[in-house]
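Participant: Turn this into a model:
(2 chains)
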There are 2 protein chains.
Amino acid sequence: MKKRFIMAPGPVSVAPEVLLKMAEPMMHHRSPQFSAILTEVRENLKYLYQTDNDVLIFASSGTGGMEASVTNLLSRGDKAVVVRGGKFGERWAEICEAYGVVPINIDVEWGEAVDPAEVQRVLDANPDAKAVFVQAHETSTGVKHPVQELGEMLKGRDAILVVDAISAVGVYDLKTDEWGLDVVVTGSQKSLSLPPGLAMVSVSEKAWRMAESSNLPKYYFNFLKERKAIAKETTAYTPAVSLIIGLREVLAAIREQGLEALFAHHRRLSDATKAGVEAMGLRLFSKAPSEAITVIEAPDGVNGQDVVKILREEYGITIAGGQAQLKGRIFRISHMGHLSDWDMIVALAAVERALGALGHAVEPGAGVAAAQRVFAGA
Amino acid sequence: MKKRFIMAPGPVSVAPEVLLKMAEPMMHHRSPQFSAILTEVRENLKYLYQTDNDVLIFASSGTGGMEASVTNLLSRGDKAVVVRGGKFGERWAEICEAYGVVPINIDVEWGEAVDPAEVQRVLDANPDAKAVFVQAHETSTGVKHPVQELGEMLKGRDAILVVDAISAVGVYDLKTDEWGLDVVVTGSQKSLSLPPGLAMVSVSEKAWRMAESSNLPKYYFNFLKERKAIAKETTAYTPAVSLIIGLREVLAAIREQGLEALFAHHRRLSDATKAGVEAMGLRLFSKAPSEAITVIEAPDGVNGQDVVKILREEYGITIAGGQAQLKGRIFRISHMGHLSDWDMIVALAAVERALGALGHAVEPGAGVAAAQRVFAGA
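Facilitator: Model (predicted):
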């Protein structure tokens, strides 16, 4: 029974108390007992999202929530501006193409954030674009895109702003209503510290109006049906009951602690980890770093995948490597999940030791010491 | 802490041992450890399905698996024969319509099975139909449709047979390959005795050929992408990790015990319950009853919903009422889930008592006695 740690950006560590709640006897999804839970969860999701909009819940991974946000809002032949600065930006474009929506892609160098002026230029050149698709946080690169600016930009326009915030909601301050984020997607296996299997999507009034005229085909992921189901305190199709029980627990804890405390927690882990990484002489990959993850460039002569492999196989610690063009070039440590200061100390110590084993000597304790100083000063 | 029972046809009772396995620490979905689990699960799913075909796994409810079986196999304007004899038959037609597939509906009286000769006639009249959509077991009515005959009928034709077997796989003998069932859908929250959140779909070679030319839009539910992912021992999108851990446990137990024992278990519970119901002077609703559930007509003067309500609120026992046009007219007891003889005794005793409370006197113990005799003789 090797002691294991999971510090990848999803699936994440889940609190044992929550796992045990999810292990309680199954309940029926069409029962007053479960309806009361759904109602509580929906209310607390609005708190988490900082919104008065409905937040829909689907049994699927986050990608299902992204697909739903294309098929329920747009119509055949619609143009949509897509910010493509990583694997998940590419996914928006792929989903659009799969359904006959024409993506106008803004390609952003992986590791950089989109320039709002560029979005403005593309929107001005395409006044008939119906939506802007973007990541709040691009999990593949660790970049935060400026969704607040984009929200302000779209307030006076007909187009809606659709935000993949799968690794952003609950991580850092994201003001859905105040910033004008029309549609915001998240998943259970990120800051909510649950197993994967739930996607959640908030929908603004402006977006509901588009949903009412959308003609793209859909069935399982159906916003209008889910809105009707909310009125009846149920879901359109059988929900993932055990995950929703877990969601209830986590949201109740978040509500008690307050959003500010949750954001401060992620910031604290992120600041200390980033300081530790730099103190080891390593470079951060992201030019607009997030509090969700720390993305580290593999030093010269080291393959990032080898760092991940040593941590997993020798130390029992799961972090993540790079995806697609970044494979081998980076490795990623999550600050999302049921984690504390001590996990970051472990991660930094493990990276130090792995780099040494790979021939890239690091002063023992250098990263940990820097993190300790940040924790002490915070 | 009231003692509770769940005997509805999904969500079902889950074994505490399985719930605790699912409560073990989260693991990463892209790890050799999880790949090994996926491979074992996929192998055991083939055993459960009695097939050599690939069995795909999706994070969604069963409806997602049904939608996937339309969008991945057919093309715009295709005709498909749909057996519509209940709420789930209607769902096939609705999904087809949502995606521009033309359903040729065979409307069957709710409670009756489709006549294979009628399907033959409709197929002969529509030789260009690309598929037949049917339920192996229609959960809303408790009817088994003759899918073996339909499979034989389609063997010499181009059309494929797509079977919603959500409440049939693992319940009774369903020979996917031998009978020529091209596509078979199931879900986690029925005979597999797991929480809801997983859909599984088997795909025959004949169906794969159609998948390769299908032009309906799809993204999250993508058969070809999942097939590629199988070759890499992974899934196209983040899987519902904890549910798959549960699936592994349940399938290992099924494999050890053998399919015959599993089918005999459901038959035993079903036979005893049906005998008990008839001994109470009640009528069975289904003309082609299944081993998955027992569907009971509410006696004159009794609303089936009231039976369900008394059981739930006063006795802590969840069974199901009727859906749509059957609301109030029937109530349904599940034989799927982590159940034994003794649960059926409880269900029958509870129904007896509830009917008495609703003014429909039943000889105390009559139903239970009949069930006891069946159990003794089995």
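Participant: Could I get the full set of strands for chain A?
Facilitator: Shown for chain A, the strands assigned by DSSP state E span residues A:5-6, A:54-59, A:79-84, A:102-107, A:131-135, A:137-138, A:143-144, A:160-164, A:183-187, A:198-203, A:293-297, A:317-318, A:320-321, A:330-334.
Participant: Can you list the strands that the third one pairs with?
Facilitator: This means strand A:79-84. strand A:102-107 (parallel), strand A:131-135 (parallel) (DSSP bridges).
Participant: avg pLDDT for the first one?
Facilitator: So the one you mean is strand A:102-107. Strand A:102-107 comes out with an average pLDDT of 98.
Participant: So for the helix ranked longest in chain A, what gets flagged as buried?
Facilitator: Longest helix of chain A, by residue count under DSSP state H: helix A:259-279. The neighbour-count check on helix A:259-279 (16 or more other Cβ atoms under 10 Å in any protein chain shown) flags A:259, A:262-263, A:265-277, A:279 as buried. C-beta here means a position set from N, CA and C on the backbone, and glycine is covered the same way.
Participant: so A:H360 makes contact with A:G301?
Facilitator: Yes: counting by Cβ atoms under 8 Å, A:G301 is a contact partner of A:H360 at 6.5 Å.
Participant: Comparing these two, which residue is more hemmed in?
Facilitator: A:H360 (18 against 8; other Cβ atoms under 10 Å in any protein chain shown).
Participant: Let me see the confidence value for that one.
Facilitator: 97.
Participant: Okay, the spatially closest residue to A:P364 that is not a sequence neighbour and A:G321: tell me how far apart.
Facilitator: In space, and not counting its chain neighbours, A:P364 is closest to A:E352: 6.5 Å by Cβ to Cβ, 6 or more residues apart in numbering or on different chains. Going from A:E352 to A:G321 by Cβ to Cβ, to the nearest Å gives 18 Å.
Participant: still on that earlier bit, would you turn the strands paired with strand A:79-84 into a markdown table with mean neighbour count?
Facilitator: Below are these laid out as a markdown table (neighbours: other Cβ atoms under 10 Å in any protein chain shown):
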| stretch | mean neighbour count |
| --- | --- |
| strand A:102-107 | 17 |
| strand A:131-135 | 29 |
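Participant: out of these, nearest to B:S75?
Facilitator: strand A:102-107 (21.5 Å; Cβ to Cβ).
Participant: which residues does A:N222 contact?
Facilitator: Residues near A:N222 by Cβ atoms under 8 Å, 6 or more residues apart in numbering or on different chains: A:68, A:72, A:236.
Participant: Can I get those in TSV including pLDDT?
Facilitator: Listed next are the contacts of A:N222 as TSV, based on pLDDT from 0 to 100:
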residue	pLDDT
A:A68	98
A:N72	98
A:A236	97
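Participant: Tell me which entries of those residues lie within helices.
Facilitator: In helices, defined here by DSSP H, the members of these are A:A68.
Participant: For ChimeraX, what selects the buried ones among the contacts of A:N222?
Facilitator: Buried residues within the contacts of A:N222, by 16+ other Cβ under 10 Å, are selected in ChimeraX with:
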select /A:68,72,236
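Participant: from the stretch 201-350 of chain A, which residue is nearest to chain B?
Facilitator: In the stretch 201-350 of chain A, the residue that lies nearest chain B is A:A240 (3.6 Å; Cβ to the nearest Cβ).
Participant: pLDDT score for the closest residue to that residue other than its chain neighbours?
Facilitator: Nearest residue to A:A240, sequence neighbours excluded (Cβ to Cβ, 6+ apart): B:G197, at 3.6 Å. On the pLDDT scale, B:G197 is placed at 98.
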